[in-house]
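> sequence first, predicted coordinates after that:
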Amino acid sequence: MADFRDLRIAIIGSGMGGLGTALAFAKKGFKHIDVYETASNLGFVGAGIQLPPNVARVLDRWGCWEEILAEATNVKGTSIRQGSTDVQLAYVSMPDMEEKYGYPHCTGHRSSLAGGLYNGCKKESAITFHFSTALVGIDSFTAKPTITLKPRDGDEYKVEADVVLAADGIKSVTRTQMLGLLGLEEEEEDTGQAAYRIMLKRSEMADDPEMLALLDSDTVVRWIGERRHIIAYAVSNHGIYNLSTAHPDSNFAGATNATYTTKGSKAAMLDVYSTFCPLVHRMLNLVPDGEVCEWKLRVHKALPTWVHGSVALVGDACHPTLPHLSQGAAMAIEDGAVLAECVSRIPAGKLSDPEAISKALEVYELLRKPYTSKLVDLASFSGRTLHLGEGKAKEERDRQFSENGKTGSVPDKWASPDVQKMIYSHDCVKEAVDRFDELFCKR
Ligand SMILES: Cc1cc2nc3c(=O)[nH]c(=O)nc-3n(C[C@H](O)[C@H](O)[C@H](O)COP(=O)(O)OP(=O)(O)OC[C@H]3O[C@@H](n4cnc5c(N)ncnc54)[C@H](O)[C@@H]3O)c2cc1C
């Protein structure tokens, strides 16, 4: 094979990681990209998502940022409040994200991010989506990997590819198979945390001036309390107020491996936040009975490897994270951008050599693993700090909050200027371009 563009790329999953990976490869000129997805369509949950400058930079290069930005909220600050009283512990101003990092920090609707990526993919004739088609397993990881797929209403069939990229999420069957084959343990870590995701429409909030003020503002609000918090912001051109919570996982504790999304009970949700202020209660009360959705927040220990042969893991399949740094989807999308850069840089004479493909995938892992591990750790740290109960540690945390980020750091790492600088100025593609040759030669 003389041209990298002829490599056949099979992508498992069309979540943020799968969509981003497909688009990244198409934009690099790859001509054969197939995406296999169990679900019958994109089917994204109704929830908000933060769109930080580091992911906006990648999306803009692919030509899909403008469409997403059109209905996003440009965030100008974050207010961290005591959940029980609504009293502000810190206000961290972030008016100059665009000047500092080239892009604003935004919040948006998940469907608008997924839709922007999908619309970008649909313009690329190289990408073929196979919905209602599940990966059953990987038959061979090395040389030209083959995979077995099962359409919902059809018989299993096999596909041969040159590279398989598994963006099949936290419950990745590829990860389980890969680690099993290598004789390695897959260690799930019980976070002890679960989340409710809530979206309130303007019409539902219309009679409450305090709620409307939240919906109309450009501020992300975090209400914090012992072992629980709520983060909230406006999405969809200030038409929807999105709330995402984190609290002890009492509904899932007995079934950590069985399920991770369930219909929750409204009474249980109100009880979890019973110590929070009346404003929070009024918002939670707007959720219709029977429409409470609860997620188990899942992670696993850092994996010994993300790559075997010509197969690599992407996104939550290899670096699931608690959501407290709001970088999970961003990291998955960046993975795709870095993978496309690495695979396209395999020296022309080596494209038919499976070892060269494997080495390029290992370079991707070398570039991404230390960085994503740092962010996963920061998200866990933030969770522990935000959820402190009464005592000296909390007093010190609140003292640090009272400095409002003027020292360059706040205990909520998402809002912390030093952490924002590290993440938002990170250009994953530039790093791949700068370091690929050196890392490829060392493998
Ligand atoms: C409460 C909460 C709030 C969050 N907030 C944010 C935020 O503000 N910002 C942010 O960046 N991130 C956030 N995240 C994290 C983010 O949602 C995830 O990290 C991200 O969506 C992971 O994308 P992914 O493509 O790796 O996996 P997924 O989105 O899980 O996609 C995996 C896809 O693979 C498919 N699949 C699975 N198995 C198979 C198979 N065998 N065959 C074919 N297809 C298969 C699935 O159907 C799915 O479509 C949040 C997460 C939670 C839980």
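The structure has been received and is ready for your questions. Numbers count the residues shown, from 1 in each chain.
> and the strands in the stretch 151-300 of the chain, which stretches?
If DSSP state E, counting those that start in this stretch is used as the criterion, the strands of the stretch 151-300 of the chain fall at 157-160, 163-166, 188-201, 219-225, 228-235, 240-248, 261-264, 292-300.
> so residue 294 sits right up against residue 264, yeah?
Yes. Between residue 294 and residue 264 a contact is recorded at 3.6 Å, counting by Cβ atoms under 8 Å. No exception for glycine: its C-beta is placed from N, CA and C like everyone else's.
> returning to what we had before: can you lay out the strands of the stretch 151-300 of the chain as TSV showing distance to the ligand?
As requested, the strands of the stretch 151-300 of the chain are arranged in TSV below (distance: least, Cβ to the nearest ligand atom, whole Å):
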stretch	distance to the ligand
strand 157-160	12
strand 163-166	8
strand 188-201	4
strand 219-225	10
strand 228-235	8
strand 240-248	5
strand 261-264	9
strand 292-300	5
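> give me whichever of these is most buried.
Highest mean neighbour count among the strands of the stretch 151-300 of the chain (mean count of other Cβ atoms under 10 Å): strand 163-166, with a mean of 30.
> pull up the residues of this protein that are close to the ligand.
12-18, 36-39, 49-50, 134-135, 167-170, 173, 195, 197, 244, 295, 297, 315-317, 323, 326-330, 332 (Cβ under 6 Å from any ligand atom).
> quick one: the helices in the stretch 301-443 of the chain?
Counting by DSSP state H, counting those that start in this stretch, the stretch 301-443 of the chain has helices at residues 328-344, 354-386, 392-401, 417-424, 428-442.
> need the overlap of contacts for residue 294 and residue 264.
Overlap of the contact sets of residue 294 and residue 264 (by Cβ atoms under 8 Å, 6 or more residues apart in numbering) consists of 196, 251.
> shaky segments in this protein?
Counting by pLDDT under 70, the ranges of the chain that qualify are 44-45, 252-262.
> who's in contact with the residue sitting furthest away from the middle of it?
Distance from the C-alpha centroid of the chain, by Cα atoms, centre = their mean, peaks at residue 349 (35.8 Å). If you count contacts by Cβ under 8 Å, 6+ apart, residue 349 has none.
> that older thread, most neighbours per residue, which of the helices of the stretch 301-443 of the chain?
Mean neighbour count, computed with mean count of other Cβ under 10 Å, is highest for helix 328-344 among the helices of the stretch 301-443 of the chain, reaching a mean of 27.
> I'd like to know which elements it is packed against.
helix 16-27, helix 53-61, strand 163-166, helix 354-386, helix 428-442 (3 or more Cβ pairs under 8 Å, 6 or more residues apart in numbering; DSSP states H and E).
> in a markdown table: these, plus distance to residue 212.
Conversion of the helices and strands packed on helix 328-344 to a markdown table gives the following (distance: least, Cβ to Cβ, whole Å):
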| stretch | distance to residue 212 |
| --- | --- |
| helix 16-27 | 31 |
| helix 53-61 | 28 |
| strand 163-166 | 44 |
| helix 354-386 | 26 |
| helix 428-442 | 38 |
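> excluding chain neighbours, what is closest to residue 5?
Excluding its sequence neighbours, the residue lying closest to residue 5 (Cβ to Cβ, 6 or more residues apart in numbering) is residue 29, at 4.7 Å.
> nearest to the ligand: which residue in the stretch 101-250 of the chain?
residue 169 (2.9 Å; Cβ to the nearest ligand atom).
> thought that residue was touching residue 14?
No. When contacts are counted by Cβ under 8 Å, residue 169 is not listed as touching residue 14 (10.4 Å).
> between these two, point out the one with more neighbours.
The neighbour comparison of residue 169 against residue 14 (other Cβ atoms under 10 Å) goes to residue 14, with 27 against 24.
> that one against residue 34, yeah?
No. Counting by Cβ under 8 Å, residue 14 sits too far from residue 34 to count as a contact (11.0 Å).
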